[in-house]
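Colleague: pasting the structure only:
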Ligand code: AHR
């Protein structure tokens, strides 16, 4: 099945939609009005109902984390053969050149839709122009693209808010516990990814405002090995000098815990080091429940159904939302604070409830 965009136009910016994690993919329901500039897609007469599979190319980041595995499974389940799709999946192994190559191959293969989870946020305009010229709608998931708007729709997380929330939680938690000096080490995610940039900038904004010392901030590549290696070197270089470790995903935190354990540094509730993480995968929440991780800020990976809902809307010639944000709870080990209030990336003051982990198995989404 092949769908072509009317006059080469991609669907334009629509009102931002917030969607509940784990909820139905209702953000893209048919109530999205036309953007008013004629930007809509042509309904192909040749629909899924006619029996032809819709072909989709998915250029995935890689396989670096539990989060990524859940993301891959989610997209593969949503674009399954039983659901009427023929999915071309490429694991780009965290290699940007390989990812661009995968997209070009999808164009060659003349797929109906291209889904990209961009490894890095820049360097996209040329290849997205090629997709546009070929009339293939592109849907971006998870991470964002900063240097091109030549995609139809994006589904993912507000990483800056995750960083702001982590910083705000640390501020309120330290105050509640009477901890005055915060000496912080950060293990960043893959540099250049919007997840790393947003979490780093959001947390740093609070750190700067509070005058905290970020002793060091290095790339752990979102992997357990990366987290362990960076933490091993931190333990040697900054022995006895730090009391907070921020890992930008759970797998890095698992590696950092191993390194701290080996170096005789204790972490978690009322220990030497306050440990903060992001993702809130099941294993991460188990460590929150046991008190080894103090706080874990969720990044919701099950975006496949949202993505497939967008494709279905496009199939019907409907206009789709330009952005769909996941709603993501913040998890903590102790009942010290009920909620945090912070100014989000949109400049709104928001209050978020904190969820104390008492049963990781049932509280985890993945
Ligand atoms: O882009 C999402 C991030 O990438 C997740 O936090 C991390 O686990 C993944 O590898």
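Modeller: Thanks, I have it. What you are looking at is a predicted structure, and each value in this text was computed from that prediction instead of being measured.
Colleague: the helix or strand encompassing residue 246 close to the ligand?
Modeller: Here residue 246, judged by DSSP states H and E, is contained in strand 244-247. No - judged by Cβ under 6 Å from any ligand atom, strand 244-247 makes no contact with the ligand; its nearest approach is 10.0 Å. Yep, even glycine has a C-beta here, placed from its N, CA and C like the rest.
Colleague: buried residues in whichever helix or strand comes after that strand?
Modeller: Counting by DSSP H and E, the next helix or strand C-terminal to strand 244-247 is helix 250-263. Buried positions in helix 250-263, judged by neighbour count with 16 or more other Cβ atoms under 10 Å: 250, 251, 252, 253, 254, 255, 256, 257, 258, 259, 260.
Colleague: so who does the first one touch?
Modeller: Meaning residue 250. By Cβ atoms under 8 Å, 6 or more residues apart in numbering, residue 250 lies in contact with 65, 66, 67, 277, 278, 279, 280, 281, 283, 284, 296.
Colleague: can you flag the buried ones in those?
Modeller: For these, a burial check counting by 16+ other Cβ under 10 Å picks out 65, 66, 67, 277, 278, 279, 280, 281, 284, 296.
Colleague: pretty sure the fifth one sits against residue 162.
Modeller: Yes - with contacts defined as Cβ atoms under 8 Å, residue 278 counts as touching residue 162 at a distance of 5.8 Å.
Colleague: what about the helices in the chain?
Modeller: 66-78, 96-108, 125-134, 159-177, 194-210, 224-237, 250-263, 282-289, 304-315, 360-363 (DSSP state H).
Colleague: list the buried residues for the shortest one?
Modeller: Judged by neighbour count using 16+ other Cβ under 10 Å, the buried positions of helix 360-363 are 360, 363.
Colleague: contact residues of this structure facing the ligand?
Modeller: 64, 65, 67, 68, 142, 143, 195, 222, 249, 278, 279, 299.
Colleague: now residue 125. Nearest residue, chain neighbours left out?
Modeller: Nearest residue to residue 125 in three dimensions, chain neighbours excluded: residue 148, at 4.0 Å (Cβ to Cβ, 6 or more residues apart in numbering).
Colleague: what sits against the one you found?
Modeller: Taking Cβ under 8 Å, 6+ apart, we find residue 148 in contact with 124, 125, 128, 129.
Colleague: the last one contacts residue 151, correct?
Modeller: No - under the criterion of Cβ under 8 Å, residue 129 is not in contact with residue 151, lying 11.1 Å apart.
Colleague: who has more neighbours, these two?
Modeller: residue 151 (23 against 12; other Cβ atoms under 10 Å).
Colleague: ramachandran angles for that one?
Modeller: phi -130, psi 160 (degrees, to the nearest 10).
Colleague: which non-adjacent residue is nearest it?
Modeller: In this structure, residue 151 finds its nearest non-sequential neighbour in residue 138, 4.2 Å apart by Cβ to Cβ, 6+ apart.
Colleague: quick check: pLDDT value at the one you found.
Modeller: pLDDT, the model's per-residue confidence, is 98 for residue 138.
Colleague: mind checking how far it is from the ligand?
Modeller: Using Cβ to the nearest ligand atom, to the nearest Å, residue 138 is found at 18 Å from the ligand.
Colleague: again with residue 80
Modeller: Counting by Cβ to the nearest ligand atom - residue 80 and the ligand are separated by 23 Å.
Colleague: and that residue, how far from residue 176?
Modeller: To residue 176, residue 80 is 47 Å away according to Cβ to Cβ, to the nearest Å.
Colleague: the contacts of residue 250 into a markdown table, with extra columns for pLDDT?
Modeller: Shown next, in a markdown table, are the contacts of residue 250 (pLDDT from 0 to 100):
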| residue | pLDDT |
| --- | --- |
| 65 | 98 |
| 66 | 98 |
| 67 | 98 |
| 277 | 98 |
| 278 | 98 |
| 279 | 98 |
| 280 | 98 |
| 281 | 98 |
| 283 | 98 |
| 284 | 98 |
| 296 | 98 |
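Colleague: closest one of those to residue 85?
Modeller: Minimum distance to residue 85 across those is 22.9 Å, recorded for residue 67 (Cβ to Cβ).
Colleague: so what's that closest one up against?
Modeller: For residue 67, the contact set (Cβ under 8 Å, 6+ apart) comprises 249, 250, 251, 279, 281, 299, 301, 366.
Colleague: burial measure for the first one, as a count.
Modeller: Counted with other Cβ under 10 Å, the burial measure for residue 249 works out to 34 neighbours.
Colleague: looking at it, it is touching residue 283, isn't it?
Modeller: No - contact criterion Cβ under 8 Å: residue 249 and residue 283 do not qualify, at 11.5 Å.
Colleague: which residues are in contact with each of these two?
Modeller: Joint contacts of residue 249 and residue 283 (Cβ under 8 Å, 6+ apart) do not exist.
Colleague: how close does the residue nearest to residue 151 get to residue 313?
Modeller: To residue 313, residue 138 is 15 Å away according to Cβ to Cβ.
Colleague: which of these two has more residues huddled nearby?
Modeller: Counted by other Cβ under 10 Å, residue 138 and residue 313 do not tie: residue 138 has more neighbours, with 25 against 21.
Colleague: so how far is residue 76 from the more buried one?
Modeller: Distance, residue 138 to residue 76, using Cβ to Cβ: 19 Å.
Colleague: where in this structure is pLDDT low?
Modeller: Residue ranges of the chain with pLDDT under 70: 1-51.
Colleague: domains for it, by residue range?
Modeller: What automatic domain parsing lists as the domains of the chain is 7-157+301-325, 159-299+335-363.
Colleague: the shortest one: end-to-end distance?
Modeller: Going back to what we said before, that points to domain 159-299+335-363. For domain 159-299+335-363, the first and last residues are 21 Å from each other (Cα to Cα, to the nearest Å).
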